[in-house]
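Visitor: Please work out how this folds:
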Amino acid sequence: MLIGVGSPAFAVECATMEHVGAGYTVCKVDTTQEAIRLFLRDPETGKPLGSFDNVERLVRARGETLSFAMNAGMYHQDRSPVGHYLEKGQEVRGVITTEGPGNFGLLPNGVFCIAKDGAQVYETKRYVDESPACTYATQSGPMLVIDGALHPRFLKDSDSRYIRNGVGTSADGKTVYFVISEEPVNFHAFGTLFRDVLKVPQALYFDGNISRLYVPGLNRHDMGFPMGPIVGVTRPTE
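Guide: Sure, this is the predicted structure:
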């Protein structure tokens, strides 16, 4: 049940909801109206941006407003992406098709692809086979929902609980849901929110240790350790 909505003055529609006894914040983006981008390094210095504040300063200098941001995938200690990363059509890291560290290795994992005509989550092997024309892409894992089905290795009674965040996409690529839990949850509960409530055919896990959210419309700006890839929604400043 929706119990709060972000201000219509902002580009992203966000709301809080409850699912299986836990609270979540869900942000819905219409890709036909809003620009979704990935951010990793400062284009001038080459250093990792690492924080919502740095991304906000970067887009403000370009005459834009950052209306939403979230961490967007696993990264190494130097904040470089663990998996595939593409920014403005330039590949920073190639696709990893073998098992990686931690949850990345809970195969299948996937890729969040932002293209000119929308955004999609792809299971990694499908992404490699189809080679979609992505402008931005970030690989993470595990997949949460695959073709409408929950990841086969999720256990309903698992005691592995973290604050978790992820992304799900509609079949036509026009709607993207970014979700963060407000309390520790397991993979099964998190995945069923995408499958049963948001009803998206594909969903991907971003992280569970440093999950954070930036939504000015909700007066929310999570702080914490420096991040690697960050996904954001920008629009020209009025």
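Visitor: list the contacts for Thr98?
Guide: With Cβ atoms under 8 Å, 6 or more residues apart in numbering as the criterion, no residue contacts Thr98. Backbone N, C-alpha and C define where each C-beta goes, glycine included.
Visitor: For it, give its distance to Lys125.
Guide: In this structure, Thr98 and Lys125 are separated by 12 Å, where distance is defined by Cβ to Cβ, to the nearest Å.
Visitor: All the helices of this structure, in order from the start?
Guide: In the chain, helices defined by DSSP state H lie at 52-61, 124-130, 187-192, listed in chain order.
Visitor: which stretch among these comes nearest Asn219?
Guide: Ranking the helices of the chain by their distance to Asn219 (criterion: Cβ to Cβ) puts helix 52-61 first, at 13.4 Å.
Visitor: contact partners of that closest one?
Guide: Taking Cβ under 8 Å, 6+ apart as the criterion, the residues outside helix 52-61 that touch it are 39, 42-43, 49, 65-66, 69, 212, 214, 221-222, 230, 232, 234, 237.
Visitor: Ile163: which of the residues you listed is nearest?
Guide: Ile163 lies nearest to Arg212 out of the contacts of helix 52-61, by Cβ to Cβ, at 8.8 Å.
Visitor: what's near enough to touch Gly224?
Guide: With contacts defined as Cβ under 8 Å, 6+ apart, the neighbours of Gly224 are Ile210, Arg212.
Visitor: Report how many residues lie close to the closest residue to Leu150 other than its chain neighbours.
Guide: The shortest distance from Leu150 to any residue that is not its chain neighbour, by Cβ to Cβ, 6 or more residues apart in numbering, is 4.9 Å, and that residue is Gly191. If you count neighbours by other Cβ atoms under 10 Å, Gly191 ends up with 25.
Visitor: what sits against Gly191?
Guide: By Cβ under 8 Å, 6+ apart, the contact set of Gly191 is Leu144, Val145, Leu150, His151, Phe154, Ala203.
Visitor: where does the protein dip in pLDDT?
Guide: Of all residues in the chain, those with pLDDT under 70 make up the ranges 1-11, 100-105.
Visitor: Give me the neighbour count for Ala171.
Guide: Burial measure for Ala171: 12 neighbouring residues, criterion other Cβ under 10 Å.
Visitor: do the one 3 residues further on as well
Guide: Per other Cβ under 10 Å, the neighbour tally for Lys174 reads 15.
Visitor: thinking it is in contact with Thr32, fair?
Guide: Yes - between Lys174 and Thr32 a contact is recorded at 5.6 Å, counting by Cβ atoms under 8 Å.
Visitor: Find residues that contact each of these two.
Guide: With contacts taken as Cβ under 8 Å, 6+ apart, Lys174 and Thr32 have Gly118 as neighbours in common.
Visitor: Would you mind confirming that Val231 makes contact with Ala72?
Guide: Yes - with contact taken as Cβ under 8 Å, Val231 and Ala72 are classed as touching, separated by 3.9 Å.
Visitor: hang on, the earlier thing: top of the contacts of Gly191 by number of neighbours, please.
Guide: Ranked by the number of neighbours (other Cβ under 10 Å), the contacts of Gly191 place Leu144 first, at 29 neighbours.
Visitor: quick one, what contacts it?
Guide: By Cβ under 8 Å, 6+ apart, the contact set of Leu144 is Leu150, His151, Gly166, Gly168, Phe187, Phe190, Gly191, Phe194, Arg195, Ala203, Leu204, Tyr205.
Visitor: repeat for Arg41
Guide: Counting by Cβ under 8 Å, 6+ apart, Arg41 makes contact with Lys47, Pro48, Leu49.
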